[in-house]
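In: Pasting a predicted model and its sequence here:
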Amino acid sequence: MARARRFLPMVIAFTLPLGFLGMLGVAAAALYLVLFPRTLAQAPRPAVLAGVPLALVTLVSTALAPTPNVGALLSAAGMAVLYTAGLAVMLAVATVGARDGLASAFVLGATVLAGSVLLDALLGWHRIPAGLFDSPDLHNWSAALMVLAWPLSLHLLLAKRKVWAGLSLLLLPSAVVASLSWSGLLGLTIAFPVYLLHPKGPIRGLVRAVGVLLLLAGATVGFVKLEPRLGLLGDVLSGRARIAAEGLELAKLRPVLGWGYSVGRLEPAFAREPLGRYYVDDLALPHFHDLYVQTLFETGVVGFAALALLLAALVAVQTGSWSAATLGAMAGLLTALGLDYSWHVASILLSFFLVAAIGTQATKESSG
């Protein structure tokens, strides 16, 4: 069992970012919970409990929705499990395991995903390359995972002297550009300066100035690369803004607890209210493409406050040697989620929790 306790966290970290194969990481996390429940007590208690309010609000808001739905309740229950048990497992895995190893495994898994996206773009499997997610509609999901991994690869190279991470450092942003993901590119643009300016980061003085220049140059190249295929960024933001505006209008109608879990189930709200014509008739999308609007719509201001509490608690425990990279990764993903919603995907949410866990302070038992 001791070997499994050391090996299983690496399996979780490597498989979570593997696109649709990320469900293997979710299953491995569930197995870890069954085999080693006592290790959960070693995780930082405030962070472990931070997901409980959001879990409860998600369940209550869905149960009290105007049009109760068994499928929605089951989905809400699944999210509640991720906010509680899922978060606890990720924190426990990092508490009892070596953070360097977990970060390396996660970056390697994301690099495999990046390779699949680049191969997809090269061979033209999909109109919009998505790699292992195997659907052009899910290209932003691939980009979200690569945004999470990129600051970790940067830290592995600069602070941990892992030469192999240089390949990941190049492949991950290249694949984000190849995936034609505006949300991913904006996420990278935010992640890098957060890492660059963090006091615990390895970058100092002149190198920081050069880094800023490289950031501007890289972002410019990325924007130019994406523009012919997706149109001007302003057009993308304008479309997202129109969708978000309608989501906020509906959220105002049930401001306290919202409409309940609604990913893929927005029709009841639109059927009750004369809003959303542009959204339903022209786009027919399953959500509002924005974590923050979606949270307000589903769980109201109470749920939004619970989400803020969860994020604040995870930021507060970023005190370890990896905190510069993990805060950069978290900021990058939270930026990307403002343009595309993938928070409900178990492998992506657990990946976010894992990255946050890597940034916590190591105990004497865990090194790195």
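Out: Nice, I can see it.

In: Output the below-cut-off pLDDT ranges for the stretch 1-150 of the chain.
Out: Nowhere does the stretch 1-150 of the chain drop to pLDDT under 70.

In: ok, and the closest non-adjacent residue to Asp310?
Out: Actually, residue 310 is Leu rather than Asp. Ala50 (4.8 Å; Cβ to Cβ, 6 or more residues apart in numbering). Yep, even glycine has a C-beta here, placed from its N, CA and C like the rest.

In: does that neighbour really touch Thr84, like I thought?
Out: No: the pair Ala50 / Thr84 is not scored as a contact, 9.8 Å apart, by Cβ atoms under 8 Å.

In: Looking at the two, which is more packed in?
Out: Ala50 (23 against 18; other Cβ atoms under 10 Å).

In: now that one: how far from Phe353?
Out: 11 Å (Cβ to Cβ, to the nearest Å).

In: okay, and the common contacts of these two?
Out: Residues touching both Ala50 and Phe353 (Cβ atoms under 8 Å, 6 or more residues apart in numbering): Leu87, Leu314.

In: ok, now which ones touch the residue lying closest to Val345 once chain neighbours are set aside?
Out: Spatially, and ignoring its direct neighbours in sequence, Val345 is nearest to Trp141 (6.2 Å; Cβ to Cβ, 6+ apart). Residues in contact with Trp141 (Cβ under 8 Å, 6+ apart) are Gly19, Ala130, Phe133, Asp340, Ser342, Val345, Ile348.

In: Roughly how far does Trp141 sit from Ala43?
Out: In this view, Trp141 and Ala43 are 27 Å apart by Cβ to Cβ.

In: For the stretch 151-300 of the chain, just list every one of the strands.
Out: When assigned using DSSP state E, counting those that start in this stretch, the stretch 151-300 of the chain turns out to have no strands.

In: hmm, which two among the contacts of Trp141 are most spread apart?
Out: Gly19 and Asp340 (15.6 Å; Cβ to Cβ).

In: Would you enumerate the residues in contact with the closest residue to Val163 other than its chain neighbours?
Out: Nearest non-adjacent residue to Val163, counting by Cβ to Cβ, 6+ apart: Leu157, 7.3 Å away. Counting by Cβ under 8 Å, 6+ apart, Leu157 makes contact with Val163, Ala165, Gly166, Leu169.

In: Can you check the pLDDT for the last one?
Out: So that's Leu169. pLDDT recorded at Leu169 is 92.

In: Give the burial count for it, as a bare number.
Out: 22.

In: Settle this for me: it is touching Trp150, isn't it.
Out: Yes: counting by Cβ under 8 Å, Leu169 does reach Trp150; the two are 7.2 Å apart.

In: can you give me the helices in the stretch 201-350 of the chain?
Out: Listed in chain order, the helices of the stretch 201-350 of the chain (DSSP state H, counting those that start in this stretch) span 205-230, 233-253, 267-272, 277, 291-316, 323-336, 346-358.

In: per-stretch mean pLDDT over those, give me the minimum one.
Out: Looking across the helices of the stretch 201-350 of the chain, the weakest by mean pLDDT turns out to be helix 277, at a mean of 50.

In: I'd guessed Tyr83 sits against Leu49; true?
Out: No: Tyr83 is not in contact with Leu49 according to Cβ under 8 Å; the separation is 10.5 Å.

In: re earlier: just send the contacts of Trp141 back as TSV, with distance to Ile358 and neighbour count too.
Out: Formatted as TSV, the contacts of Trp141 follow (distance: Cβ to Cβ, whole Å; neighbours: other Cβ atoms under 10 Å):
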residue	distance to Ile358	neighbour count
Gly19	21	23
Ala130	26	28
Phe133	23	29
Asp340	24	24
Ser342	20	24
Val345	20	20
Ile348	16	21
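
In: still on that earlier bit, when Tyr83 and Leu49 are compared, which one has more neighbours?
Out: Neighbour count, other Cβ under 10 Å: between Tyr83 and Leu49, Tyr83 has more, with 25 against 15.

In: what sits against the more buried one?
Out: Gly51, Val52, Leu54, Ala55, Thr58, Leu310.

In: what sits against the second one?
Out: If you count contacts by Cβ under 8 Å, 6+ apart, Val52 has them with Tyr83, Thr84.

In: Now with 6 Å, please.
Out: Thr84 (Cβ atoms under 6 Å, 6 or more residues apart in numbering).

In: how close does it get to Leu33?
Out: In terms of Cβ to Cβ, Val52 sits 16 Å off from Leu33.

In: So for the helix or strand in which Leu31 is found, what gets flagged as buried?
Out: Here Leu31 sits within helix 22-35, counting by DSSP states H and E. Using 16 or more other Cβ atoms under 10 Å as the burial criterion, the residues of helix 22-35 that qualify are Gly22, Leu24, Gly25, Val26, Ala28, Ala29, Tyr32, Leu33.

In: Closest to Val11 out of those?
Out: Of the buried residues of helix 22-35, the one sitting nearest to Val11 (Cβ to Cβ) turns out to be Ala28, at 4.8 Å.

In: how distant is stretch 18-30 from the center of its chain?
Out: In terms of Cα atoms, centre = their mean, to the nearest Å, the centre of stretch 18-30 is found 14 Å from the chain centre.

In: Relative to Arg240, how far out is Val293?
Out: The value you get for Val293 to Arg240, if Cβ to Cβ is used, is 9 Å.

In: When those two are compared, which one has more neighbours?
Out: Val293 (23 against 19).

In: surely that one meets Ala244?
Out: Yes: if you go by Cβ atoms under 6 Å, Val293 and Ala244 touch, sitting 4.7 Å apart.

In: Please list the residues outside stretch 105-120 that contact it.
Out: With Cβ under 6 Å, 6+ apart, stretch 105-120 has contacts from 10, 13-14, 17-19, 126, 129, 131-132, 142, 145-146, 149, 152-153, 168, 171-172, 175, 178-179.
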